[in-house]
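Colleague: predicted model follows, preceded by the sequence.
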Amino acid sequence: MVSQEQRRKQLAREKFLRQQQRREAARRRARMRNAVLAGALAVVVAGGAVSYAAGAFDGDSSKDDANAQPSSSPKDPCAKAAPGSVKPLSFKKEPALAIDKSADYTMNLKTTCGDIGLDLEAAKAPHTVNSFNFLVNKGYLDHTKCHRLTTGGIFVLQCGDPKGTGEGNPGYSIPDENLKDERLKDKVYPAGTVAMANQYNASKKTGRDTGGSQFFLVYQDSQLPPDYTPFGTISESGMKVLKKIAAAGESSGQGDGAPNATVVIDKATVTKS
């Protein structure tokens, strides 16, 4: 007959084994989730989707679990989009440089979730600012949807694609600029940064100078290599709008997908001052 002490030890061993199995299962789920996230974000999509490095999602599973999305989507915090449709515009080449690099430019995104103001840096990123000045004045961004929200390790809202799929572009590309900006030290894009998406593949060192019209708004410090042109900063009120959008989460539940909030740029304007 098994003694009480032997039974106690047996139960303790069984409990320990169950704990080990649960921990290993949790580690496997975390590794699988990270692999899915990294794979999704490392894909280079035609037209300028952000190509994130897979290593940006390395970390402990507790942090990943904290960033995981709930099973049920929260209520959409944004209003109905204004009447109108996206203009099917495409251009053969980058517009001639027409901005004043010594002047101040601001871009306002009037979205269904609130206004997002951007202070543009014409002196540091003249090609990028000039391109947006050109596109916005053509109505290129009007009625476009911000199609992508990331919530795990990298915290950005991606906009500027007239197709809303990550594949849209204006028909031309612009050069990378301002990649040595002091804000990008330690390979971090700080909260409040607006930067260009592109098709750069760090492992193959291909895809430089492939910015188009897609850009991303950083709502929380994000670990990223300095491969994406920073060309402005987000206003304080704009950051509040982004936080509201981020709080609603994204649709995949994996940290990278369409935002649950319906973010549509009803009207974009660029102003010189």
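Modeller: Nice, I can see it.

Colleague: how many residues are close by G114?
Modeller: Residues near G114, counting by other CB atoms under 10 Å, number 18. Backbone N, C-alpha and C define where each C-beta goes, glycine included.

Colleague: and it, its phi and psi?
Modeller: In terms of degrees, to the nearest 10, the main-chain angles of G114 are phi 130, psi 170.

Colleague: kindly report the same for A268.
Modeller: phi -120, psi 140.

Colleague: give the contact list for it.
Modeller: M107, N108, L109, K110, V136, Y140, L141, D142 (CB atoms under 8 Å, 6 or more residues apart in numbering).

Colleague: looking at those residues, which are in helices?
Modeller: Mapping those onto helices (DSSP state H) picks out V136.

Colleague: just the closest of the contacts of A268 to V194, please.
Modeller: For the contacts of A268, the minimum distance to V194 (CB to CB) is 8.5 Å, reached by M107.

Colleague: ok, that closest one touching K267?
Modeller: No - with contact defined as CB atoms under 8 Å, M107 does not count as touching K267 (11.2 Å).

Colleague: neighbour-wise, which one of the contacts of A268 leads?
Modeller: When these are compared by neighbour count (other CB under 10 Å), L109 ends up highest, at 28 neighbours.

Colleague: which residues in this structure form strands?
Modeller: 105-111, 114-120, 144-145, 148-152, 154-159, 188-189, 193-196, 215-218, 222-223, 230-234, 256-257, 264-272 (DSSP state E).

Colleague: so which of those gets nearest S173?
Modeller: Shortest distance between S173 and those, using CB to CB, is found for strand 193-196: 10.2 Å.

Colleague: which other helices and strands contact that closest one?
Modeller: The elements that strand 193-196 packs onto, with contact taken as 3 or more CB pairs under 8 Å, 6 or more residues apart in numbering; DSSP states H and E, are strand 215-218, strand 230-234.

Colleague: and the residue nearest to H127 when sequence neighbours are not counted, what's its pLDDT?
Modeller: Once flanking residues are discounted, H127 sits nearest to I174: 4.8 Å by CB to CB, 6 or more residues apart in numbering. Looking at I174, its pLDDT is 98.

Colleague: neighbours around I174, how many?
Modeller: The number of residues packed near I174 is 24, by other CB under 10 Å.

Colleague: my guess is it meets P126, correct?
Modeller: No - in this structure I174 lies outside contact range of P126 using CB under 8 Å: 9.9 Å.

Colleague: pipe the helices and strands packed on strand 193-196 into JSON lines and attach mean neighbour count and distance to D100 per row.
Modeller: JSON lines is the format used below for these (neighbours: other CB atoms under 10 Å; distance: least, CB to CB, whole Å):
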{"stretch": "strand 215-218", "mean neighbour count": "27", "distance to D100": "21"}
{"stretch": "strand 230-234", "mean neighbour count": "24", "distance to D100": "16"}
